[in-house]
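Engineer: how would this look folded up:
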Amino acid sequence: MRACRNLWYPALIIISLALLLSGCTNAPENPVPEGTGFSVVPTAVYVQYRSLAEALNALDESISLQSNSAMLYRIYYIEGDNVSSDGKAEQWILGVAQEGDRYFFVHNQGGSSITPWRAWLPSQEIVLDQVISPAALIQGSTLLYTVRINSLILTDGVYTLTYPDQDGTIVTVRFDAKSGKQL
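Structural biologist: Okay, here's the model as predicted:
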């Protein structure tokens with residue numbers, strides 16, 4: 001009797017699979033016309049834009065948590081990725097030097113992180129109260145206010161911005177960081 005049971009299990013599995021697969025292989029006689037029926041609707045991805053001031057505050061918090069004190073640091077590089085017309089970015093990257101150490105601080109929707117950097121940083125320190133802010137630069141320019149800015153980089157006294165042109169080519173423009181005038 002036990003031998004009969006052992007034969008029924010594989011037979012039941014094979015019969016079940018045959019019945020299941022036989023119904024799936026037939027194509028409908030009248031397929032659904034294109035453009036009707038169900039479709040996949042892409043979901044909107046919510047992106048949080050942050051100001052440079054928010055990134056700097058996060059940097060201050062991160063440094064004080066690491067060292068239990070507010071140690072002085074100098075900024076040599078600022079980059080904003082996917083920058084909005086009000087000067088906020090999806091992500092900020094700051095090149096920072098502090099007591100002989102160099103690192104990049106990244107602040108975005110996922111939080112903040114610090115990456116040690118042993119290579120060079122630009123030579124000129126960015127003194128924030130001596131340069132025009134990203135928001136003021138964009139809002140003061142009729143050109144920049146109407147485009148989608150891919151990246152905004154501030155280094156050595158110059159803002160370098162990239163954006164796609166109407167035909168899809170990437171355009172690069174440079175501005176004096178103190179005056180905001182196009183170079």
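
Engineer: going by C-alpha atoms from here, please, whenever you check contacts or count neighbours.
Structural biologist: Will do.

Engineer: quick one, strands of the chain?
Structural biologist: Assigned by DSSP state E, the chain shows strands spanning 74-83, 89-98, 101-108, 111-116, 149-155, 158-164, 170-176.

Engineer: stretch 126-137: which residues count as buried?
Structural biologist: In terms of neighbour count (16 or more other Cα atoms under 10 Å), stretch 126-137 has its buried residues at 126, 131-135, 137.

Engineer: low-scoring stretches of this protein, by residue?
Structural biologist: Filtered on pLDDT under 70, the chain yields the residue ranges 1-45, 64-71.

Engineer: can we see that at 90?
Structural biologist: Along the chain, segments meeting pLDDT under 90 span 1-48, 60-73, 98-101, 116-121, 123, 141-148, 165-168.

Engineer: ok, back up a step: filter the buried residues of stretch 126-137 down to the ones in helices?
Structural biologist: 134-135, 137 (DSSP state H).

Engineer: which residues touch the closest residue to Leu121 other than its chain neighbours?
Structural biologist: Among residues not flanking Leu121 along the chain, Tyr76 sits closest, at 6.4 Å (Cα to Cα, 6 or more residues apart in numbering). The neighbours of Tyr76, taking Cα atoms under 8 Å, 6 or more residues apart in numbering as the test, are 94-97, 121-126, 155-156.
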